[in-house]
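Visitor: fold the following.
(one chain, ligands or ions: 1)
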Amino acid sequence: MTSVPAFVEQRRSIRAFTGAPVDRTVLDGLVEAACLAPAPHHSRPWRFVVVDTDGGKRDLADGMGERWRADLAADGVEPARVEELVRASHTKLTTAPALVLGCLTWEGLDRYPDETRQRAEWGMALLSLGAAVENLMLSAADAGLASCWVAAPIFCPEAARDALSLPREWLPHALVMLGHPSPAYVARVRPAVPLGELRAHR
Ligand SMILES: Cc1cc2nc3c(=O)[nH]c(=O)nc-3n(C[C@H](O)[C@H](O)[C@H](O)COP(=O)(O)O)c2cc1C
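Guide: Just a heads-up that it's a prediction; the model follows:
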């Protein structure tokens, strides 16, 4: 028998929100919680952009959408389906009460002359961004807020950066939608953790 702490179990990916905005001081608290995550070399190689204005959400959705449209077309997806997918994604992002965009920078990270270690260093930063995002989402759940990670920017960091006119060295890699959970939301059943398959002992 194992027991998972309730605060871990309670966080779910909730994609349906009421229209109520999220207070900026609350969003700042979530970003601060994110920034308490572990990171290599006592660095903080993250930058977080709170996108809670209609214009900001639209710019981000437009910029990433354009990139995705081109990728889907290059994959040979039918034009009508491309438009359907891009429009659904655009609506999802622009109707979320708030978005937090997690970016990575090289600040505080080590530089190596070889590609292998350079890539590993960036991978460490990416892992720490994941830890930061989990802190943010756990804190959101603790505050009674709904959150859901959106993968999109990792596929188009430059497009996301330029859509919001961010500094060149801020590279978006994670996006979280935030809001007050819709009362109509029903969590999908979470499959039990098959510990025997996912964990080994040596
Ligand atoms: C890196 C990452 C990317 C994700 N991208 C998306 C996404 O683009 N859209 C979405 O609806 N959910 C996304 N999710 C949420 C997962 O679908 C969700 O965490 C998973 O289904 C488990 O559900 P739970 O979070 O409620 O436990 C993402 C999660 C992670 C960690």
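Visitor: test my guess that P157 contacts P172.
Guide: Yes: counting by C-beta atoms under 8 Å, P157 touches P172, with 5.0 Å between them. No exception for glycine: its C-beta is placed from N, CA and C like everyone else's.
Visitor: hey, what's in contact with both of the two?
Guide: Between them, P157 and P172 share these contacting residues under C-beta atoms under 8 Å, 6 or more residues apart in numbering: C103.
Visitor: the more surrounded of these two?
Guide: More neighbours surround P172 than the other of P157 and P172, with 27 against 17 (other C-beta atoms under 10 Å).
Visitor: pull the longest helix from the protein.
Guide: Longest helix of the chain, by residue count under DSSP state H: helix 115-142.
Visitor: mind listing what's buried in that helix?
Guide: 121, 124-125, 128-129, 132-141 (16 or more other C-beta atoms under 10 Å).
Visitor: touching the helix or strand following that helix from outside, list them.
Guide: Per DSSP states H and E, the first helix or strand lying C-terminal to helix 115-142 is strand 146-150. Contact with strand 146-150 is made by 11, 13-17, 92-93, 133, 136-137, 140-141, 174-182, 185, as judged by C-beta under 8 Å, 6+ apart.
Visitor: show me where this structure has its strands.
Guide: Using DSSP state E, the strands assigned to the chain run over residues 46-51, 98-104, 146-150, 171-179.
Visitor: around the ligand, which positions in this protein sit nearby?
Guide: 12-13, 15, 148-151, 190 (C-beta under 6 Å from any ligand atom).
Visitor: buried ones from those, can you make that a PyMOL selection?
Guide: Selecting only the buried entries of those in PyMOL, with 16+ other C-beta under 10 Å as the criterion:
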select buried, resi 12+15+148+150
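Visitor: reformat the residues of the chain next to the ligand as a markdown table; add pLDDT.
Guide: Listed next are those as a markdown table, based on pLDDT from 0 to 100:
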| residue | pLDDT |
| --- | --- |
| R12 | 97 |
| S13 | 97 |
| R15 | 96 |
| C148 | 98 |
| W149 | 98 |
| V150 | 98 |
| A151 | 97 |
| R190 | 96 |
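Visitor: ok, the most centrally placed residue in the chain to A146 distance?
Guide: For the chain, the residue nearest the mean C-alpha position is L175 (2.6 Å; C-alpha atoms, centre = their mean). Separation of L175 from A146 (C-beta to C-beta, to the nearest Å): 15 Å.
Visitor: go on, H42?
Guide: For H42, the distance to A146 - C-beta to C-beta - is 32 Å.
Visitor: so which of those two has more stuff around it?
Guide: Between H42 and A146, counted using other C-beta under 10 Å, the more crowded position is A146 (25 against 7).
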